[in-house]
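Asks: Let's see this in three dimensions:
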Amino acid sequence: MNIAANNGVWSGSWVAERLGVELVGDDGLTALLGLALRRNPRRAHLLVSNVLGKHVPQSPSMVYGHGFALGRRVRDLLGESQAGQAVVLGYAETATGLGHSVADGMGLAPYLHSTRRPVAGVAPAGGFEESHSHATSHLLLPEDPALLSGDGPLVLVDDEFSTGNTVLNTIRDLHVRYPRKRYVVVALVDMRSAADAGRLTAFAEEIGARVDLVAAASGTVLLPEGVLEKGQELVARYEESAAPGASSSAPASRPAAQFPAPLEGVALEADFKSAHPGARGCVESAAAAAWARQAPTGPQPTGDRTTPHLHLTRVDLHWPHGLPDGGRHGFTPAHRMRLESALPLMAARVAEALPPDARRVLTLGFEELMYAPLRIARELEALVAAEVRYSTTTRSPVLAVDDPGYAIRSRLVFPAHDNPADGPGERYAYNVAGAGFDAVVLFVDSAGDTPELHAPGGLLDRLGAHAPHVLLAVVPSYVPALTEESPAMLPEPLRGPAFSSYPAEDVGWLLQDLSDVTLEAPTEEREEAIQSGGAHYAESLPVEYQPSDQYQALFHAALETSAARLAEAVGVVTETVLAERSPRPVLVSLARAGTPVGVLMRRWARFRYGLDLPHYAVSIVRGRGIDANALRWLAAHHDPRDVVFVDGWTGKGAITRELADAVAEFEQRSGVSGFDPEIAVLADPGSCVRTYGTREDFLIPSACLNSTVSGLISRTVLRADLVGPDDFHGAKFYRELAGADVSVAFIDAVAARFAEVVDAVDAAVKELAVADRTPTWEGWAAVERISEEYGIHDVNLVKPGVGETTRVLLRRVPWKILARAGAGADLDHVRLLAEQRGVPVEEVGELPYTCVGLIHPRYTRGATGADGRAVNV
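Replies: Numbering: from 1, shown residues only. Just a heads-up that it's a prediction; the model follows:
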């Protein structure tokens, strides 16, 4: 094992020579520790760990590996059975990441760390004092109060074990509340004197419990008499003699300080790989590349015109929704599994945002936020050619002396930026200035992403003075919702064949089954009730249209003609979603017209990339919004940022606007954020969205039919006597129409053309990537114009596009059909339906859509049609 030194000089020699302090113990002790002095009335010297990742930038693999190895030793000490019942407790702020790494090494142990950040609404489950620390009060704030109440071993983790006072305070407080038979103390170094070791033994006997100790190395610090006063005098002298600002950082022009190199000869990586098989290299390269393409690559405005040196890039990690940012409120094995799966993609986003010529990169955590940055840094280390180092900011004031024999070579001073409970104060980042980093990736939680962080003299400003590139990654601060009553549990999605004719894997319906309820009403009665305001269209269902043999023949002919064009549009919209929205999207189709499209997009992803994308169907109702309980279910089971809403086509854009408003309202009420309301559609003739397969208004054969091309599912229903506040919206499964069902046949016919359109899809996607796809909403403008020209004065009665016109003819009381002059076979089925219903078709020269359906305005059952006769129904 090499000595972690600066050109062979131990980083504790400066303090040892001036104060007469001696570090004695195991041979590897000086490789793990250096010495510094600090402004602290309780203890002048500071043991500076070279492998903790707090004050000294170090290889993240080395930092994580030491904690993980200690966890393995604890597991071996306890045995598999006891280790499986253990809880790990880490100490703020320096050991939050170490404790979490120990928990990882143990395997299935839940983790909690103490905190100095009170959280409103979360009752402390304990607290204690740390006698020698700069900030002494610790709180224990588990989300689950039962976390500490078990009788399994409690594993307490700190960076050093010196007097034992902190551990004694902790055990004393917790043992009264949650007595147990066994405790294990874990530290990187055991620096107790013989007398202190005896105190721990006596205390264990006093409480009647076993207390074990596991440490990477042991020794002691020999302190001469009067060392506290002498150290304080030395700190005062150096700070007074320093030129203004000199103690804040090393001069930027000074050559990079040679901080401790990675320690060698420690067999840690193999242990980690054996415990986490496939933890790396488990993500498809195409998906990782897609994530990386989304990462910001250029500087973004900092809002600070007085810091021209700051070259700041924000990196959106796409942190998994609802995943705790650390162990402040508890971190379970299930949380660990979610994090492991997300790490490669988060690291890929950071890697893509780094400057390509960076040679030295610092990943900088934020006080108690140590573990998440450490894990991402460790993944980053394997992705980039640059040398990656890891450390974190701290509350602890330490004297900086630019000498190879001193552990703290430079110091950045900046104001606290997380509104701390104990008021404003200075914070520090050590060994960053003068270290020659080409880029610094700063990780903060959202509570720390404040104006103070971005202000002149703030941390970002300080970092920008010493690194050409600064990246900011914000991890959402996890706050348990403990003060509100938990909402009712929601059922799992309905699936075929019990509900719908689609295979179970193709779609899950976030609906309730109302198949046994009579909901159908004659079209005329529904129209009169809807237009009179007596009922909402979602409170009943139209009688399902039974197509004639002639109409069915038209459907099959249209499908044969348009299958390749449909396949191309499916490919284009799916590729766009994978490239721009998420490499592993959660498809959420708007039932029911969007559902066949969602199934096809899922099929394309499997055909092209072997991906099995989750797909759900949800209800959205004009004027009532999207099913909030469906959103709640999705947020509980998936990251909302991965959700992509899918529909068949756009008309005038009413549902697009409805969805945006509904999502905003849901986020405001629930506090859940991350849903992107922009819909991905097969066809966007109304120019309402950015994600589409085509903007042509052409016949999508699934629009020709109702339930028999949509898995035999009805329109969705929202009626107060059927749908309670904690229920999904409803729908019916028309099992009796199975003989006429073409749902799967439609999907198969389009999917059969995928292989032949791959080249065309790739070319179209390449063109769209550089095209201006900003929505113009020209469809909405056309609808408003038509509404006025035809004396309707209600845009809801104007249904533009082939799909919407078909719906008018199948479900509503049509007045007339406007058809673009020269429209061909795409309108054959519309002409047939119009003939069957006695509805005139009027050719129009200037029409942005292939056709537009007009619902009869101010309809009553005595209304007349355009020719003065009663409407044929």
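Asks: which residue sits closest to residue 52, ignoring its sequence neighbours?
Replies: Sequence neighbours aside, residue 159 is the residue nearest to residue 52 in space, at 5.1 Å (criterion: Cβ to Cβ, 6 or more residues apart in numbering). Heads up, the C-betas are built off the backbone N, CA and C, glycines and all.
Asks: for the one you found, helix, strand, or coil?
Replies: strand (DSSP: H, G, I helix; E, B strand; the rest coil).
Asks: Next up, the contacts around it.
Replies: 49, 52, 54, 91, 94, 95, 98, 187, 188, 189 (Cβ atoms under 8 Å, 6 or more residues apart in numbering).
Asks: same deal with residue 157?
Replies: 67, 70, 88, 89, 90, 91, 95, 98, 99, 102, 186, 187.
Asks: now residue 640
Replies: When contacts are counted by Cβ under 8 Å, 6+ apart, residue 640 touches 321, 631, 634, 672, 673, 674, 675.
Asks: Verify the stated contact: the last one with residue 663.
Replies: Yes: look at residue 675 against residue 663 with Cβ atoms under 8 Å: they come within range, at 4.9 Å.
Asks: Which of the helices or strands spans residue 365?
Replies: Assigned by DSSP states H and E, residue 365 belongs to strand 360-365.
Asks: Which other helices and strands does the following helix or strand past that strand contact?
Replies: For strand 360-365, the succeeding helix or strand toward the C-terminus, using DSSP H and E, is helix 371-383. Packing partners of helix 371-383 (3 or more Cβ pairs under 8 Å, 6 or more residues apart in numbering; DSSP states H and E): helix 60-83, helix 96-106, helix 333-353, strand 360-365, strand 387-392, strand 439-445, strand 469-475.
Asks: Switch the ones you listed over to a markdown table; also include mean neighbour count, mean pLDDT and distance to residue 571.
Replies: Converted to a markdown table, these look like this (neighbours: other Cβ atoms under 10 Å; pLDDT from 0 to 100; distance: least, Cβ to Cβ, whole Å):
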| stretch | mean neighbour count | mean pLDDT | distance to residue 571 |
| --- | --- | --- | --- |
| helix 60-83 | 21 | 95 | 40 |
| helix 96-106 | 30 | 97 | 41 |
| helix 333-353 | 19 | 93 | 23 |
| strand 360-365 | 26 | 98 | 38 |
| strand 387-392 | 26 | 98 | 38 |
| strand 439-445 | 26 | 97 | 36 |
| strand 469-475 | 24 | 97 | 33 |
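Asks: Now do the SS call for residue 822.
Replies: coil.
Asks: For it, grab the count of nearby residues.
Replies: The local packing of residue 822 (other Cβ atoms under 10 Å) involves 8 other residues.
Asks: Relative to residue 809, how far out is it?
Replies: Distance of residue 822 to residue 809, computed by Cβ to Cβ, to the nearest Å: 21 Å.
Asks: Same question for residue 9.
Replies: Relative to residue 809, and taking Cβ to Cβ, residue 9 is found at 87 Å.
Asks: ok, these two, which is more surrounded?
Replies: residue 809 (21 against 15).
Asks: That one looks like it's in a strand, true?
Replies: No: the assignment for residue 809 by three-state DSSP gives helix, which leaves it out of any strand.
Asks: for it, what are its contacts?
Replies: Residue 809 touches 817, 830, 833, 834, 837, 839, 853, counting by Cβ under 8 Å, 6+ apart.
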